[in-house]
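> any chance you can model this:
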Amino acid sequence: MKEERAQREEAVEKWKHLYLAIKTELDELIQRTYHGEGLYWRAEEADTDMEKLKKELQEKEEIVKALQNQLASMEQEKNKKEREFDILRQSLRIMSNKKSSSNVREKLCKACT
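Residues are numbered from 1 along each chain as shown. Presented below is the predicted three-dimensional model:
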């Protein structure tokens, strides 16, 4: 009986060692597989992130172009209005000069008579 018990305990110990060895090997395999897939998954994620960033960059470049066009248009409008104001100022000067010269003529005419 002692012999059987000793054999059983020895067999149980062997099975425990075998179990632990298999468990350790499986855990390592799972870790390697997980990390490998994780790297692959991360590479795919990086690709999709890169595509998103490229698309976002393209959209922002289009917005910048549109804003530059709008700015150029506004500058043209500003220049056009400045020209109109210059014309109006010149017209006002001409009219005020005509008015003052006509006032001077009237005064001279009154003085002459």
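
> tell me how many other residues crowd Ile30.
Neighbour count for Ile30, taken as other CB atoms under 10 Å: 10. C-beta: built from backbone N, CA, C; applies to glycine.

> which helices and strands does the one helix or strand Ile30 maps to pack with?
Using DSSP states H and E, Ile30 falls within helix 2-112. Judged by 3 or more CB pairs under 8 Å, 6 or more residues apart in numbering; DSSP states H and E, helix 2-112 is in contact with no other helix or strand.

> quick one: mean pLDDT for that helix?
What helix 2-112 shows for mean pLDDT is 83.

> centre of the chain to it, how far?
The chain centre lies 0 Å from the centre of helix 2-112; the measure is CA atoms, centre = their mean, to the nearest Å.

> start at 19, not 1
OK, 19 is where the count begins now, so the last one is helix 20-130.

> count of neighbours near Glu31?
Neighbours of Glu31 under the rule other CB under 10 Å: 10.
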